[in-house]
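In: Output the structure for:
(chains A and B)
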2 protein chains.
Amino acid sequence: MTIKLHCFGESGNAYKAAITLALTDTEWEPVFVDFFNGATRTPEFRALNVMGEVPVMEDGDLILTQSGVIQDYISSKTGKLGGRSAAERRDVLRWMFFDNHKVSGVAGPLRFNLNFLPEAKRNKDVNDFLSMRLNSALKIMDTALTGRDWLTGAEPTIADLACCGYLYYPEPFGFDRKAFPQIDRWLDGIAALPGWKHPYDLMPGSPADRA
Amino acid sequence: MTIKLHCFGESGNAYKAAITLALTDTEWEPVFVDFFNGATRTPEFRALNVMGEVPVMEDGDLILTQSGVIQDYISSKTGKLGGRSAAERRDVLRWMFFDNHKVSGVAGPLRFNLNFLPEAKRNKDVNDFLSMRLNSALKIMDTALTGRDWLTGAEPTIADLACCGYLYYPEPFGFDRKAFPQIDRWLDGIAALPGWKHPYDLMPGSPADRA
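Out: This next block holds a predicted model:
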């Protein structure tokens, strides 16, 4: 049965699930969610996910939400990208929580505010605050990646695919790869994995469609 | 072997780990981290946790960080508070990610800004933005709790103990229990569990110590 992923190109949280599906050679297809025209605020979507967010995954009758849960499910189902030991699996989960809390959880709103929010609603103080928090988290990741190819062990895992969720997008949100040389190298390493695709090539919808 | 938890009373993230230890009848002791005097910024602390945060758990030689990882470890070790089926365990993880991303991940900085940051550094626009995001997340939780005692099933789990992490603190941060009647009832339900303690009674350090 082909897995369905409700998603849209601009969502880095959906990208984490989509790139996990892609890099585990899972058979899947995207279901476009028209976020920018209010699709996640409809009663139909809220019935699918009370949290009102993408990604939502359907595997037959099983419906899952939260990118981290979907990543964990796909990794367990395929036996890929999950870490090699109980200790590494705990470290994978550790970086996934760090990502949700301090990396994607901040980069997502910051990129939205700076690129997709109407100019009249943008607030410099808010975005400076988010930028400061994001840069602190990225500095921690850059330090952790020093001398190693992947966040948790000898192979890439869903932790790497969580933490990179927002870091390939072209829209400016104050993230300069060259300021974080270890992250820069690590992003190149992920992008070199067989089957890797850019978010706008992997999922339907991009700013170009709305231009 | 007695588990050590590096923590301080004001940290809702540490509280999630501490209350999980308490409600699983685990033998543990707190190690006070003097956050307000810079303890998490020292090289010694960074060597313990590159992320520079509490909680940090030591169980013999095993060191774990991130509240969600510690909660998951303690739940697995004790066989308590983890959910009764694979489906419920996925739902537990789902709410833990939601908490890290949208509840505690926002309530923590907001409460810090409004209560512990010097007044000259407080910024109304930043705090209004965080407050708006927190209230959206709390509304989703309130809806999800309608007609049920716990977030994921018939018994409390570590998902409940994650999502409540910042919600018992007395310092004002725009959270009014009475505006969220389902959350209000659910918080009373958690507080009625045998062994429950308020964060300032469970962990060392509180604003009163610094007054």
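In: What pLDDT does the model give the spatially most central residue of chain A?
Out: Centroid check for chain A by CA atoms, centre = their mean gives A:G165 as the closest residue, at 2.8 Å. On pLDDT, A:G165 comes in at 98.
In: Quick check: most distant residue from the centroid of chain A.
Out: Using CA atoms, centre = their mean, the residue of chain A lying farthest from its centre is A:A120. It sits 27.7 Å away.
In: Distance of the residue nearest to the centre of chain A relative to chain B?
Out: 11 Å (CB to the nearest CB, to the nearest Å). Bear in mind the C-beta positions are built from the backbone N, C-alpha and C, glycine included.
In: number of nearby residues for the closest residue to that residue other than its chain neighbours?
Out: In space, and not counting its chain neighbours, A:G165 is closest to A:G12: 3.9 Å by CB to CB, 6 or more residues apart in numbering or on different chains. A:G12: 22 surrounding residues under other CB atoms under 10 Å in any protein chain shown.
In: Check A:V92 too.
Out: Neighbour tally, A:V92, other CB under 10 Å: 25.
In: Can you name the helix or strand that it falls in?
Out: Element membership for A:V92 (DSSP states H and E) is helix A:86-98.
In: got the contact list for that helix?
Out: A:68, A:71-72, A:82-83, A:137, A:140, A:151-153, A:157-160, A:162-163, B:51, B:64-69, B:72-73, B:96-97, B:100 (CB atoms under 8 Å, 6 or more residues apart in numbering or on different chains).
In: Mark which of these are part of strands, please.
Out: B:64-65 (DSSP state E).
In: how far away is A:A159 from chain B?
Out: 11 Å.
In: so that residue makes contact with A:L151?
Out: Yes. Counting by CB atoms under 8 Å, A:L151 is a contact partner of A:A159 at 4.8 Å.
In: Between the two, tell me which one has more neighbours.
Out: Taking neighbours as other CB under 10 Å, A:A159 and A:L151 compare with A:A159 leading, 28 against 24.
In: distance of that one from A:R94?
Out: 8 Å (CB to CB, to the nearest Å).
In: and what of A:A107?
Out: Taking CB to CB as the measure, A:A107 falls 19 Å from A:R94.
In: Between the two, which has more neighbouring residues?
Out: More crowded of A:A107 and A:R94, by other CB under 10 Å: A:A107, with 25 against 22.
In: Report the secondary structure state of the residue farthest from the centre of chain A.
Out: Secondary structure, DSSP: H, G, I helix; E, B strand; the rest coil: A:A120 is helix.
In: Residue numbers of chain A in contact with chain B?
Out: Proximity of chain A to chain B (CB under 8 Å from any CB of the partner chain) is limited to residues A:50-52, A:64-69, A:72-73, A:90, A:93-94, A:96-98, A:100-102, A:104-105, A:109, A:123, A:125-126, A:129, A:133, A:140, A:143-144.
In: Filter the contacts of helix A:86-98 down to the ones in helices?
Out: A:68, A:71-72, A:137, A:140, A:158-160, A:162-163, B:67-69, B:72-73, B:96-97 (DSSP state H).
In: related to what we said a few turns ago, was I right to think the residue nearest to the centre of chain A contacts A:S67?
Out: Yes. A:G165 is within contact range of A:S67, at 7.3 Å (criterion: CB under 8 Å).
In: what is in contact with the two at once?
Out: A:13, A:16.
In: Looks to me like A:E29 is in a strand.
Out: Yes. Counting by three-state DSSP, A:E29 is found in a strand.
In: Across the sheet, point out what pairs with it.
Out: Taking DSSP bridges as the rule, A:E29 bridges to A:K4.
In: Show me the domain layout of chain A.
Out: Structural domains annotated on chain A: A:3-81+A:196-210, A:86-191, as defined by automatic domain parsing.
In: Present the ones you listed as a markdown table; the columns should include distance to B:F8.
Out: Putting those into a markdown table (distance: least, CB to CB, whole Å) gives the following:
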| stretch | distance to B:F8 |
| --- | --- |
| domain A:3-81+A:196-210 | 27 |
| domain A:86-191 | 18 |
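In: how far is the worst-scoring helix or strand of chain A on mean pLDDT from where the chain is centred?
Out: Using mean pLDDT, DSSP states H and E, the weakest-scoring helix or strand in chain A turns out to be helix A:207-210, at a mean of 91. How far helix A:207-210 lies from its chain's middle: 20 Å, per CA atoms, centre = their mean, to the nearest Å.
In: again with stretch A:106-125
Out: Distance of stretch A:106-125 from the chain centroid (CA atoms, centre = their mean) equals 18 Å.
In: Ok, stretch A:132-149 next?
Out: 17 Å.
In: buried set for it?
Out: By 16 or more other CB atoms under 10 Å in any protein chain shown, the buried positions in stretch A:132-149 come out as A:133-135, A:137-138, A:140-142, A:144-145.
In: got a list of what A:E155 touches?
Out: Per CB under 8 Å, 6+ apart, neighbours of A:E155: A:81, A:84.
In: Let me know the helix or strand that it is in.
Out: If you go by DSSP H and E, A:E155 is not part of any helix or strand.
In: Now the phi/psi pair for it, please.
Out: phi -130, psi 160 (degrees, to the nearest 10).
In: next one: A:G205
Out: phi 100, psi 130.
In: quick one, phi psi at the residue nearest to the centre of chain A?
Out: Note on A:G165: backbone dihedrals following degrees, to the nearest 10 are phi -50, psi -40.
In: Relative to A:F129, how far out is it?
Out: A:G165 is 21 Å from A:F129, by CB to CB.
In: What of A:A191?
Out: From A:A191 to A:F129 the distance is 30 Å (CB to CB).
In: And for A:I158?
Out: Remark: distance between A:I158 and A:F129 (CB to CB) = 29 Å.
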